[in-house]
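Participant: Make a model of this:
(one chain, ligands or ions: 1)
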Amino acid sequence: MTTEMKDAPVMLSTRNLSKIYRTRSGTIEALRDVSIDVPKGSFVSIVGASGCGKSTLLNVLAALESASDGHAFRNGKPLVAPSREVGIVFQEHVLLPWLTVLENVLLPAELYGLAKEDSEPRARALLKLSGLEGFEQRKPSDLSGGMKQRTAICRALLTDPQVLLMDEPFGALDALTREELSLELLTIWERDRKTALLITHDINEAVLLSDTVIVMSPRPGRVIETIDINLPRPRGPKTELEPEFRQLTHHIKSLIFSQRH
Ligand SMILES: Nc1ncnc2c1ncn2[C@@H]1O[C@H](COP(=O)(O)OP(=O)(O)OP(=O)(O)O)[C@@H](O)[C@H]1O
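Facilitator: Here you go, the predicted model:
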């Protein structure tokens with residue numbers, strides 16, 4: 001993280017956050033004592049073994065789930081309810097099949113009671129930027145997996161949120177489409193510099209996009225290391241050829257493997 005970012009105000013944070021799920025067959029400790037800071041305008045990724053609580057952490061930060069203990073804040077205020085200041089992109093099953101692409105992108109406008117006259121031009125502009133012009137009136141079933149995720153990203157950006165939370169947004173895509181979309185996301189982010197928090201299993205993707213990568217332990221998820229990625233921006237496909245890029249991905253992989261039981 002650059003000095004400039006270290007000095008930026010904190011947009012999202014948790015302090016000693018724990019989450020225990022109580023189910024009929026017993027309790028599951030998903031998160032233990034997690035404290036993180038996401039500075040305003042930064043791109044932070046969270047990586048860790050499957051089941052280590054990454055989605056749980058993101059859901060708490062989206063105010064979709066509550067913590068069992070500890071605190072979560074946005075802009076220094078405790079999180080209470082989902083907000084139009086936070087856009088969320090999930091892995092899949094995110095578009096409503098009976099609505100058109102445009103109607104899907106406009107859903108948050110309905111949810112937050114925004115004027116259609118303002119929202120529709122923005123939705124159309126976002127779709128155009130994402131290469132989806134001409135598909136506004138199509139149904140999601142007419143789209144490829146990559147196009148569906150582009151639509152989901154447009155929807156998350158509709159309210160011009162301060163924060164973008166993404167849970168494995170490219171997880172269900174083939175490797176090439178995944179790479180293409182992560183490069184597109186990089187371009188969008190470098191243009192707007194919204195505060196972004198990404199959950200990913202792809203360590204290359206995490207290092208390519210992020211200012212900081214947070215590595216979590218297996219369940220119960222704890223932060224085991226926070227790694228600053230100081231690779232120069234703008235970044236692109238060539239960044240992956242840098243020796244520093246390879247050292248960073250190797251270090252993160254070793255950390256995750258060393259935690260395996
Ligand atoms: N609603 C729930 N009720 C009970 N247990 C849950 C619930 N949601 C998650 N868990 C459990 O909490 C743990 C953490 O789950 P979570 O989905 O946050 O992990 P993850 O790191 O995102 O996993 P993955 O990388 O596989 O998506 C898992 O053991 C999971 O079974």
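
Participant: quick one: the closest residue to Ala156 other than its chain neighbours from the ligand, how far?
Facilitator: Among residues not flanking Ala156 along the chain, Gly87 sits closest, at 3.3 Å (C-beta to C-beta, 6 or more residues apart in numbering). For every residue, glycine as well, the C-beta is placed using N, CA and C. Gly87 sits 19 Å away from the ligand, going by C-beta to the nearest ligand atom, to the nearest Å.

Participant: Regarding Gly87, what is its secondary structure?
Facilitator: Secondary structure for Gly87, judged by DSSP: H, G, I helix; E, B strand; the rest coil, is strand.

Participant: Correct me if wrong: it contacts Pro169.
Facilitator: No. Between Gly87 and Pro169 there is no contact under C-beta atoms under 8 Å: 11.2 Å.

Participant: show me what contacts the most centrally placed residue in the chain?
Facilitator: In the chain, the centroid-proximal residue (C-alpha atoms, centre = their mean) is Met166; its distance is 2.2 Å. Going by C-beta atoms under 8 Å, 6 or more residues apart in numbering, Met166 touches 88-89, 156, 196-199.

Participant: hmm, back to that, run through the residues that contact the residue nearest to Ala156.
Facilitator: By C-beta under 8 Å, 6+ apart, Gly87 lies in contact with 108, 155-159, 161, 163-165.

Participant: Run through the bridge partners of it.
Facilitator: Per DSSP bridges, the residues bridged to Gly87 are Leu164.

Participant: quick one, strands of the stretch 51-200 of the chain?
Facilitator: Taking DSSP state E, counting those that start in this stretch as the test, the strands found in the stretch 51-200 of the chain are 69-74, 77-78, 86-89, 163-167, 195-199.

Participant: Any residues of the chain in contact with the ligand? List them.
Facilitator: Counting by C-beta under 6 Å from any ligand atom, the residues of the chain close to the ligand are 21, 23, 28, 30, 50-56, 219.

Participant: PyMOL command for the buried members of the residues you listed?
Facilitator: Burial among these is assessed by 16 or more other C-beta atoms under 10 Å; the matching PyMOL selection reads:
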select buried, resi 30+52+53+54+55+56+219
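
Participant: Mind picking the one among the residues of the chain next to the ligand that's closest to Asp69?
Facilitator: Set against Asp69, the nearest of these by C-beta to C-beta is Ala30 (11.8 Å).

Participant: any idea how far Ser210 is from the closest one?
Facilitator: 23 Å (C-beta to C-beta, to the nearest Å).

Participant: Name the single longest helix found in this structure.
Facilitator: As assigned by DSSP state H, the longest helix anywhere in the chain is helix 175-192.

Participant: follow-up on the earlier one: with neighbour count as added columns, please give the contacts of Gly87 in JSON lines.
Facilitator: Listed next are the contacts of Gly87 as JSON lines, based on neighbours: other C-beta atoms under 10 Å:
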{"residue": "Pro108", "neighbour count": "20"}
{"residue": "Arg155", "neighbour count": "24"}
{"residue": "Ala156", "neighbour count": "24"}
{"residue": "Leu157", "neighbour count": "22"}
{"residue": "Leu158", "neighbour count": "22"}
{"residue": "Thr159", "neighbour count": "19"}
{"residue": "Pro161", "neighbour count": "18"}
{"residue": "Val163", "neighbour count": "22"}
{"residue": "Leu164", "neighbour count": "23"}
{"residue": "Leu165", "neighbour count": "25"}
